[in-house]
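Visitor: Generate a structure from the sequence data that follows.
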Amino acid sequence: MDQYYKSHIEITLTLCQNISKNALTLCRNTIKNALTLCIYKGRIYPIEVKSGSTGRLRSLHSYIDNSDCTCAIRLYSGKFSIDELKTPIVNGIGGKKFRLLNLPLYCTAKINEYIDEFL
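Guide: The predicted structure is shown next:
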């Protein structure tokens, strides 16, 4: 994890269970933003929630660069899509390829079904 996040993250771990699908969600609350890690069928999927239809996804990119994760999810007010992306290169770190599942906020309740189908 890069120095910015080491020095600026206030970590609070909350373990909650999604009763309907038995998926575990591990939430990491930060000072400026929140990144949620969804543990589903033995795999970890980072989820970033955005209120608008655009955003930089800095926390998501940082997590992907510092893990073996190759798939991620964005919940936002835009349209459904799947993108093949690379993380931005910052200070020589980045450029990692990953698959981003973009889901409208109203699809949140069916997130496990979208993971099964598209990731």
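Visitor: going forward, measure contacts between C-alpha atoms and count neighbours the same way
Guide: Will do.
Visitor: ranges for the helices of this structure?
Guide: Here the chain has its helices, by DSSP state H, at 3-8, 58-65, 111-118.
Visitor: Name the residues of the second one that are buried.
Guide: Think helix 58-65. By 16 or more other Cα atoms under 10 Å, the buried positions in helix 58-65 come out as 59-65.
Visitor: in the sheet, who's paired with Cys38?
Guide: Following DSSP bridges, Cys38 is listed with bridge partners Thr25, Tyr45.
Visitor: and it, how far is that from Tyr63?
Guide: Look at Cys38 and Tyr63: by Cα to Cα, to the nearest Å, they are 13 Å apart.
Visitor: any shared contact partners between the two?
Guide: Taking Cα atoms under 8 Å, 6 or more residues apart in numbering as the contact rule, Cys38 and Tyr63 both touch Pro46.
Visitor: Least confident secondary structure element in this structure?
Guide: The helix or strand of the chain with the poorest confidence is strand 13-18; it has a mean of 36 (mean pLDDT, DSSP states H and E).
Visitor: Gly52: neighbour count?
Guide: 10 (other Cα atoms under 10 Å).
Visitor: burial of Tyr106, as a residue count?
Guide: If you count neighbours by other Cα under 10 Å, Tyr106 ends up with 11.
Visitor: Find me the pLDDT at it, would you?
Guide: As predicted, Tyr106 sits at a pLDDT of 90.
Visitor: swap in Glu48?
Guide: Per-residue confidence (pLDDT) for Glu48: 89.
Visitor: distance of it from Gly92?
Guide: On the measure of Cα to Cα, Glu48 and Gly92 end up 24 Å apart.
Visitor: So for these two, which sits in the more crowded spot?
Guide: Applying other Cα under 10 Å to Glu48 and Gly92 shows that Glu48 carries more neighbours, namely 22 against 7.
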